[in-house]
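Enquirer: predicted model and sequence follow; I will ask about them next.
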Amino acid sequence: MSEVYVPEGYVTKLPVYETQRAIELIKQSFQKNLCAALNLKRVSAPLFVSKESGLNDDLNGVERPVSFDVPAAGDKTYQVVQSLAKWKRWALGKYEFRPGKGLYTDMNAIRRDEEHLDNLHSAYVDQWDWEKVITAEDRNIEYLKETVRRIVSAICNTSDELKWEFPGIGTELCRDVTFVTTQELEDMYPDLTPSQRETEFARKHGTIFVMQIGKKLKSGKKHDGRAPDYDDWEMNGDIIVYYPLLERAFEISSMGIRVDPESLSRQLAEAGCEERRELPFHKALLSGKLPLTIGGGIGQSRLCMLLMGCAHIGEVQSGAWDDETLRICDEAGIALL
(Lines give C-alpha, C1' and ligand atoms only; values in the text may rest on other atoms or scores of the structure.)
Protein backbone atom coordinates (compact mmCIF):
# COMPACT_ATOMS: atom_id res chain seq x y z
CA MET A 1 0.00 0.00 0.00
CA SER A 2 1.34 3.40 -0.98
CA GLU A 3 2.44 5.75 1.81
CA VAL A 4 2.73 8.82 -0.41
CA TYR A 5 1.21 12.06 0.87
CA VAL A 6 -0.05 14.67 -1.60
CA PRO A 7 -0.26 18.22 -0.19
CA GLU A 8 -3.46 19.96 -1.19
CA GLY A 9 -3.06 21.97 -4.39
CA TYR A 10 0.56 20.92 -4.96
CA VAL A 11 2.03 20.35 -8.42
CA THR A 12 5.65 19.99 -9.46
CA LYS A 13 7.03 23.52 -9.82
CA LEU A 14 9.59 23.11 -12.63
CA PRO A 15 9.64 21.17 -15.89
CA VAL A 16 12.13 18.30 -16.00
CA TYR A 17 14.88 20.23 -17.80
CA GLU A 18 14.73 23.13 -15.33
CA THR A 19 14.62 20.65 -12.45
CA GLN A 20 17.93 19.21 -13.62
CA ARG A 21 19.41 22.71 -13.83
CA ALA A 22 18.31 23.44 -10.27
CA ILE A 23 19.75 20.15 -9.00
CA GLU A 24 23.06 20.93 -10.68
CA LEU A 25 23.17 24.39 -9.10
CA ILE A 26 22.42 23.04 -5.61
CA LYS A 27 25.05 20.32 -5.80
CA GLN A 28 27.78 22.58 -7.14
CA SER A 29 26.98 25.38 -4.72
CA PHE A 30 26.63 23.24 -1.62
CA GLN A 31 29.85 21.32 -2.23
CA LYS A 32 31.69 24.63 -2.47
CA ASN A 33 30.03 26.02 0.66
CA LEU A 34 30.55 22.84 2.69
CA CYS A 35 34.24 22.62 1.80
CA ALA A 36 34.76 26.25 2.80
CA ALA A 37 32.87 25.78 6.08
CA LEU A 38 34.67 22.63 7.23
CA ASN A 39 38.01 22.74 5.33
CA LEU A 40 37.34 19.63 3.22
CA LYS A 41 38.88 18.14 0.08
CA ARG A 42 37.10 15.83 -2.34
CA VAL A 43 38.28 12.20 -2.67
CA SER A 44 37.04 9.17 -4.60
CA ALA A 45 35.28 6.47 -2.60
CA PRO A 46 34.34 2.82 -3.18
CA LEU A 47 30.90 1.63 -4.27
CA PHE A 48 31.49 -1.67 -2.47
CA VAL A 49 33.86 -3.17 0.12
CA SER A 50 34.69 -6.71 1.22
CA LYS A 51 32.59 -8.09 4.06
CA GLU A 52 35.72 -9.28 5.87
CA SER A 53 37.16 -5.77 6.13
CA GLY A 54 34.53 -4.58 8.60
CA LEU A 55 34.39 -1.25 6.74
CA ASN A 56 30.70 -1.41 5.83
CA ASP A 57 28.06 -0.05 8.19
CA ASP A 58 24.99 -1.81 9.52
CA LEU A 59 23.27 1.51 10.27
CA ASN A 60 20.54 0.67 12.79
CA GLY A 61 21.86 -2.87 13.12
CA VAL A 62 19.17 -4.67 11.12
CA GLU A 63 19.56 -3.55 7.49
CA ARG A 64 20.91 -6.19 5.09
CA PRO A 65 23.58 -4.95 2.67
CA VAL A 66 23.44 -6.00 -0.97
CA SER A 67 26.06 -8.78 -1.23
CA PHE A 68 27.71 -10.43 -4.22
CA ASP A 69 30.84 -12.29 -5.25
CA VAL A 70 33.57 -11.38 -7.74
CA PRO A 71 35.07 -14.73 -8.81
CA ALA A 72 38.11 -13.15 -10.47
CA ALA A 73 38.97 -11.34 -7.21
CA GLY A 74 39.11 -14.48 -5.07
CA ASP A 75 36.87 -16.20 -2.55
CA LYS A 76 35.44 -13.12 -0.87
CA THR A 77 31.99 -11.63 -0.37
CA TYR A 78 31.59 -7.99 -1.34
CA GLN A 79 28.91 -5.59 -0.12
CA VAL A 80 27.50 -2.41 -1.62
CA VAL A 81 28.28 0.26 0.97
CA GLN A 82 25.42 1.37 3.24
CA SER A 83 27.43 4.37 4.33
CA LEU A 84 31.10 5.31 4.31
CA ALA A 85 31.45 6.26 7.98
CA LYS A 86 34.18 3.74 8.75
CA TRP A 87 35.85 3.86 5.33
CA LYS A 88 36.27 7.64 5.57
CA ARG A 89 38.07 7.36 8.89
CA TRP A 90 40.38 4.70 7.51
CA ALA A 91 41.02 6.88 4.43
CA LEU A 92 41.92 9.93 6.53
CA GLY A 93 44.67 7.89 8.17
CA LYS A 94 45.88 6.35 4.92
CA TYR A 95 45.97 9.70 3.11
CA GLU A 96 47.70 11.38 6.09
CA PHE A 97 45.18 14.14 6.73
CA ARG A 98 46.10 16.35 9.69
CA PRO A 99 43.86 17.77 12.46
CA GLY A 100 41.56 20.50 11.16
CA LYS A 101 41.43 19.03 7.65
CA GLY A 102 38.97 16.57 6.18
CA LEU A 103 37.48 14.93 3.12
CA TYR A 104 34.13 14.59 1.42
CA THR A 105 32.93 12.22 -1.24
CA ASP A 106 29.82 11.17 -3.15
CA MET A 107 28.23 8.12 -1.55
CA ASN A 108 25.67 6.00 -3.38
CA ALA A 109 23.91 3.14 -1.62
CA ILE A 110 21.02 0.72 -1.92
CA ARG A 111 18.83 0.35 1.15
CA ARG A 112 16.99 -2.85 0.32
CA ASP A 113 15.31 -3.03 3.74
CA GLU A 114 13.93 0.51 3.81
CA GLU A 115 10.61 -0.04 5.60
CA HIS A 116 8.75 2.95 4.23
CA LEU A 117 9.02 4.16 0.65
CA ASP A 118 7.25 7.48 1.01
CA ASN A 119 7.76 11.17 0.27
CA LEU A 120 11.14 11.24 2.02
CA HIS A 121 12.41 7.67 1.84
CA SER A 122 13.81 5.82 -1.16
CA ALA A 123 15.63 2.53 -1.66
CA TYR A 124 18.38 4.57 -3.33
CA VAL A 125 20.51 6.82 -1.14
CA ASP A 126 22.84 9.50 -2.46
CA GLN A 127 24.68 11.73 -0.04
CA TRP A 128 27.75 13.79 0.60
CA ASP A 129 29.77 11.80 3.09
CA TRP A 130 32.33 13.89 4.95
CA GLU A 131 34.90 13.25 7.68
CA LYS A 132 37.42 15.49 9.43
CA VAL A 133 40.41 14.82 11.66
CA ILE A 134 40.16 16.36 15.13
CA THR A 135 42.22 16.41 18.31
CA ALA A 136 41.36 14.83 21.66
CA GLU A 137 40.53 18.34 22.92
CA ASP A 138 37.94 18.71 20.15
CA ARG A 139 35.93 15.73 21.37
CA ASN A 140 33.29 17.78 23.16
CA ILE A 141 29.72 19.00 22.72
CA GLU A 142 30.68 22.59 21.93
CA TYR A 143 32.87 21.51 19.01
CA LEU A 144 29.99 19.37 17.74
CA LYS A 145 27.55 22.29 17.99
CA GLU A 146 29.87 24.69 16.16
CA THR A 147 30.25 22.17 13.33
CA VAL A 148 26.46 21.85 13.10
CA ARG A 149 26.11 25.63 12.86
CA ARG A 150 28.66 25.76 10.04
CA ILE A 151 26.79 23.08 8.06
CA VAL A 152 23.44 24.83 8.53
CA SER A 153 25.02 28.09 7.35
CA ALA A 154 26.34 26.33 4.22
CA ILE A 155 22.84 24.99 3.53
CA CYS A 156 21.23 28.42 3.96
CA ASN A 157 23.82 30.07 1.71
CA THR A 158 23.07 27.47 -0.96
CA SER A 159 19.36 28.18 -0.59
CA ASP A 160 20.00 31.89 -1.17
CA GLU A 161 21.92 31.14 -4.38
CA LEU A 162 19.11 28.90 -5.63
CA LYS A 163 16.46 31.56 -4.99
CA TRP A 164 18.54 34.12 -6.89
CA GLU A 165 18.62 31.87 -9.97
CA PHE A 166 15.08 30.47 -9.60
CA PRO A 167 12.96 33.18 -7.88
CA GLY A 168 9.74 31.17 -8.00
CA ILE A 169 10.89 28.22 -5.90
CA GLY A 170 12.48 27.60 -2.54
CA THR A 171 11.92 26.96 1.14
CA GLU A 172 12.36 29.42 4.00
CA LEU A 173 14.97 28.10 6.42
CA CYS A 174 15.91 29.18 9.93
CA ARG A 175 19.65 29.81 10.32
CA ASP A 176 19.51 29.64 14.11
CA VAL A 177 19.85 26.07 15.42
CA THR A 178 18.11 24.88 18.59
CA PHE A 179 19.87 21.97 20.29
CA VAL A 180 17.99 19.30 22.25
CA THR A 181 18.86 15.83 23.55
CA THR A 182 16.76 12.74 22.92
CA GLN A 183 16.13 12.48 26.67
CA GLU A 184 14.87 16.05 26.81
CA LEU A 185 12.48 15.26 23.96
CA GLU A 186 11.19 12.18 25.77
CA ASP A 187 10.69 14.22 28.95
CA MET A 188 8.80 16.93 27.02
CA TYR A 189 6.64 14.57 24.95
CA PRO A 190 6.42 11.22 26.82
CA ASP A 191 3.25 10.14 25.02
CA LEU A 192 4.55 10.75 21.48
CA THR A 193 6.70 8.56 19.26
CA PRO A 194 10.29 9.70 18.57
CA SER A 195 9.37 10.97 15.10
CA GLN A 196 6.34 12.84 16.49
CA ARG A 197 8.57 14.44 19.15
CA GLU A 198 10.92 15.68 16.44
CA THR A 199 8.05 17.14 14.44
CA GLU A 200 6.55 18.98 17.42
CA PHE A 201 9.89 20.42 18.53
CA ALA A 202 10.89 21.40 14.99
CA ARG A 203 7.49 23.02 14.43
CA LYS A 204 8.27 25.38 17.33
CA HIS A 205 11.94 26.06 16.59
CA GLY A 206 12.45 25.67 12.81
CA THR A 207 15.96 24.18 12.63
CA ILE A 208 16.99 21.73 15.35
CA PHE A 209 19.77 19.33 16.19
CA VAL A 210 18.64 16.23 18.09
CA MET A 211 21.58 14.94 20.14
CA GLN A 212 22.61 11.63 21.73
CA ILE A 213 21.01 9.08 19.41
CA GLY A 214 21.66 5.37 19.89
CA LYS A 215 21.68 4.91 23.66
CA LYS A 216 18.73 3.84 25.80
CA LEU A 217 16.60 6.55 27.42
CA LYS A 218 15.07 6.51 30.90
CA SER A 219 12.08 4.67 29.44
CA GLY A 220 14.37 1.82 28.46
CA LYS A 221 13.78 2.57 24.77
CA LYS A 222 16.04 4.17 22.17
CA HIS A 223 15.05 7.32 20.31
CA ASP A 224 16.48 5.65 17.21
CA GLY A 225 19.10 3.05 16.40
CA ARG A 226 22.75 3.77 15.63
CA ALA A 227 25.49 1.26 14.91
CA PRO A 228 27.88 1.05 17.89
CA ASP A 229 31.09 1.42 15.94
CA TYR A 230 31.09 4.86 14.33
CA ASP A 231 29.25 7.59 16.28
CA ASP A 232 29.90 8.22 19.95
CA TRP A 233 26.33 8.05 21.24
CA GLU A 234 27.03 10.89 23.69
CA MET A 235 28.20 13.28 20.95
CA ASN A 236 26.12 12.72 17.83
CA GLY A 237 22.79 13.74 16.36
CA ASP A 238 20.56 14.67 13.43
CA ILE A 239 20.09 18.04 11.73
CA ILE A 240 16.34 18.46 11.24
CA VAL A 241 14.14 21.26 9.93
CA TYR A 242 10.38 21.66 10.01
CA TYR A 243 8.95 21.30 6.50
CA PRO A 244 5.54 23.00 6.28
CA LEU A 245 4.71 21.50 2.89
CA LEU A 246 4.62 18.00 4.36
CA GLU A 247 3.81 19.16 7.91
CA ARG A 248 6.59 17.09 9.43
CA ALA A 249 10.18 17.04 10.63
CA PHE A 250 12.64 16.75 7.75
CA GLU A 251 16.03 15.16 8.51
CA ILE A 252 18.90 16.56 6.44
CA SER A 253 21.93 15.01 8.08
CA SER A 254 23.07 12.38 10.55
CA MET A 255 26.48 13.14 12.04
CA GLY A 256 28.64 13.03 15.12
CA ILE A 257 31.99 12.86 16.81
CA ARG A 258 33.23 9.34 16.18
CA VAL A 259 34.07 6.70 18.76
CA ASP A 260 37.49 6.61 20.36
CA PRO A 261 38.89 3.31 21.74
CA GLU A 262 37.11 3.76 25.08
CA SER A 263 33.66 4.59 23.71
CA LEU A 264 33.92 1.91 21.00
CA SER A 265 34.69 -0.73 23.61
CA ARG A 266 31.76 0.42 25.76
CA GLN A 267 29.26 0.59 22.90
CA LEU A 268 30.24 -2.80 21.44
CA ALA A 269 29.59 -4.34 24.84
CA GLU A 270 26.26 -2.51 25.25
CA ALA A 271 25.13 -3.58 21.77
CA GLY A 272 26.24 -7.18 22.21
CA CYS A 273 28.62 -6.92 19.26
CA GLU A 274 31.95 -7.68 20.90
CA GLU A 275 32.89 -10.15 18.16
CA ARG A 276 33.58 -7.11 15.97
CA ARG A 277 36.71 -6.44 18.01
CA GLU A 278 38.45 -8.97 15.76
CA LEU A 279 37.68 -7.19 12.50
CA PRO A 280 40.58 -5.26 10.92
CA PHE A 281 38.95 -1.82 11.24
CA HIS A 282 37.99 -2.35 14.86
CA LYS A 283 41.39 -3.73 15.81
CA ALA A 284 43.06 -0.66 14.33
CA LEU A 285 40.71 1.69 16.15
CA LEU A 286 41.01 -0.06 19.52
CA SER A 287 44.80 0.01 19.27
CA GLY A 288 44.81 3.76 18.56
CA LYS A 289 46.01 3.47 14.96
CA LEU A 290 43.17 5.52 13.43
CA PRO A 291 42.77 9.31 13.76
CA LEU A 292 40.12 10.88 15.96
CA THR A 293 37.39 12.26 13.72
CA ILE A 294 34.02 13.93 13.34
CA GLY A 295 31.84 13.20 10.34
CA GLY A 296 28.45 12.61 8.83
CA GLY A 297 26.30 12.30 5.76
CA ILE A 298 24.12 14.93 4.08
CA GLY A 299 21.45 13.65 1.74
CA GLN A 300 21.88 15.03 -1.78
CA SER A 301 18.36 14.31 -3.00
CA ARG A 302 16.95 15.27 0.40
CA LEU A 303 18.67 18.65 0.23
CA CYS A 304 17.55 19.24 -3.36
CA MET A 305 13.98 18.32 -2.45
CA LEU A 306 13.98 20.66 0.53
CA LEU A 307 15.57 23.68 -1.13
CA MET A 308 13.41 23.33 -4.25
CA GLY A 309 10.22 22.95 -2.23
CA CYS A 310 9.33 19.52 -3.64
CA ALA A 311 6.68 17.20 -2.19
CA HIS A 312 8.33 13.89 -3.11
CA ILE A 313 11.95 12.77 -3.26
CA GLY A 314 11.18 11.08 -6.58
CA GLU A 315 10.95 14.56 -8.13
CA VAL A 316 14.74 14.92 -7.78
CA GLN A 317 16.03 11.33 -8.06
CA SER A 318 15.28 8.15 -9.97
CA GLY A 319 14.06 5.48 -7.55
CA ALA A 320 11.93 2.36 -7.24
CA TRP A 321 8.24 2.92 -6.47
CA ASP A 322 5.19 0.69 -6.27
CA ASP A 323 2.48 1.03 -8.92
CA GLU A 324 0.04 2.77 -6.58
CA THR A 325 2.58 5.49 -5.73
CA LEU A 326 3.25 6.03 -9.44
CA ARG A 327 -0.47 6.31 -10.13
CA ILE A 328 -1.19 8.70 -7.23
CA CYS A 329 1.71 10.99 -8.15
CA ASP A 330 0.77 11.03 -11.82
CA GLU A 331 -2.85 11.93 -11.04
CA ALA A 332 -1.72 14.66 -8.60
CA GLY A 333 0.67 16.29 -11.06
CA ILE A 334 3.80 15.22 -9.15
CA ALA A 335 6.39 14.43 -11.81
CA LEU A 336 8.65 11.59 -10.66
CA LEU A 337 11.94 11.18 -12.51
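Expert: Cool, the structure landed.
Enquirer: helix/strand/coil for the closest residue to Asn56 other than its chain neighbours?
Expert: Computed as CB to CB, 6 or more residues apart in numbering, the closest residue to Asn56 that is not its neighbour in sequence is Gln79, at 4.9 Å. To be clear about C-beta, it is placed using only N, CA and C from the backbone, and glycine gets the same treatment. Under DSSP: H, G, I helix; E, B strand; the rest coil, Gln79 falls in the strand class.
Enquirer: what about Val259, how many residues nearby?
Expert: 30 (other CB atoms under 10 Å).
Enquirer: to clarify, my last question referred to Glu262.
Expert: 10.
Enquirer: part of a helix, is it?
Expert: Yes. When three-state DSSP is applied, Glu262 is found to be in a helix.
Enquirer: okay, it: pLDDT?
Expert: Here, the pLDDT recorded for Glu262 equals 96.
Enquirer: list the contacts of it.
Expert: Going by CB atoms under 8 Å, 6 or more residues apart in numbering, Glu262 touches no other residue.
Enquirer: separation between the residue nearest to Asn56 and Val43?
Expert: 20 Å (CB to CB, to the nearest Å).
Enquirer: can you check Glu52 too?
Expert: Separation of Glu52 from Val43 (CB to CB): 23 Å.
Enquirer: out of these two, which sits in the more crowded spot?
Expert: For Glu52 versus Val43, neighbours defined as other CB under 10 Å are more numerous around Val43 (17 against 11).
Enquirer: what strand or helix carries the closest residue to that one other than its chain neighbours?
Expert: Excluding the flanking residues, the one nearest Val43 by CB to CB, 6+ apart is Leu103, at 4.7 Å. Per DSSP states H and E, Leu103 falls inside strand 102-110.
Enquirer: same for that strand, what does it pack against?
Expert: When contacts are defined as 3 or more CB pairs under 8 Å, 6 or more residues apart in numbering; DSSP states H and E, strand 102-110 packs onto helix 16-38, strand 40-42, helix 85-94, strand 124-133, strand 293-299.
Enquirer: need these in TSV with mean pLDDT, mean neighbour count and distance to Glu186, can you?
Expert: Compiled in TSV, the helices and strands packed on strand 102-110 are given as follows (pLDDT from 0 to 100; neighbours: other CB atoms under 10 Å; distance: least, CB to CB, whole Å):
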stretch	mean pLDDT	mean neighbour count	distance to Glu186
helix 16-38	96	17	31
strand 40-42	97	15	34
helix 85-94	90	21	26
strand 124-133	94	23	28
strand 293-299	96	25	23
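Enquirer: could these go into JSON lines alongside distance to Asn56?
Expert: Shown next, in JSON lines, are the helices and strands packed on strand 102-110 (distance: least, CB to CB, whole Å):
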{"stretch": "helix 16-38", "distance to Asn56": "24"}
{"stretch": "strand 40-42", "distance to Asn56": "22"}
{"stretch": "helix 85-94", "distance to Asn56": "7"}
{"stretch": "strand 124-133", "distance to Asn56": "13"}
{"stretch": "strand 293-299", "distance to Asn56": "14"}
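Enquirer: between the ones you listed, which gets nearest to Leu264?
Expert: helix 85-94 (10.9 Å; CB to CB).
Enquirer: which ones are touching Cys310?
Expert: If you count contacts by CB under 8 Å, 6+ apart, then Cys310 has 12-13, 304, 316 around it.
Enquirer: filter these down to the ones in helices?
Expert: Of the contacts of Cys310, the ones assigned to helices by DSSP state H are Cys304.
Enquirer: quick one: the contacts of Cys310 as a markdown table, columns for neighbour count and pLDDT too.
Expert: Converted to a markdown table, those look like this (neighbours: other CB atoms under 10 Å; pLDDT from 0 to 100):
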| residue | neighbour count | pLDDT |
| --- | --- | --- |
| Thr12 | 18 | 84 |
| Lys13 | 18 | 84 |
| Cys304 | 24 | 96 |
| Val316 | 25 | 95 |
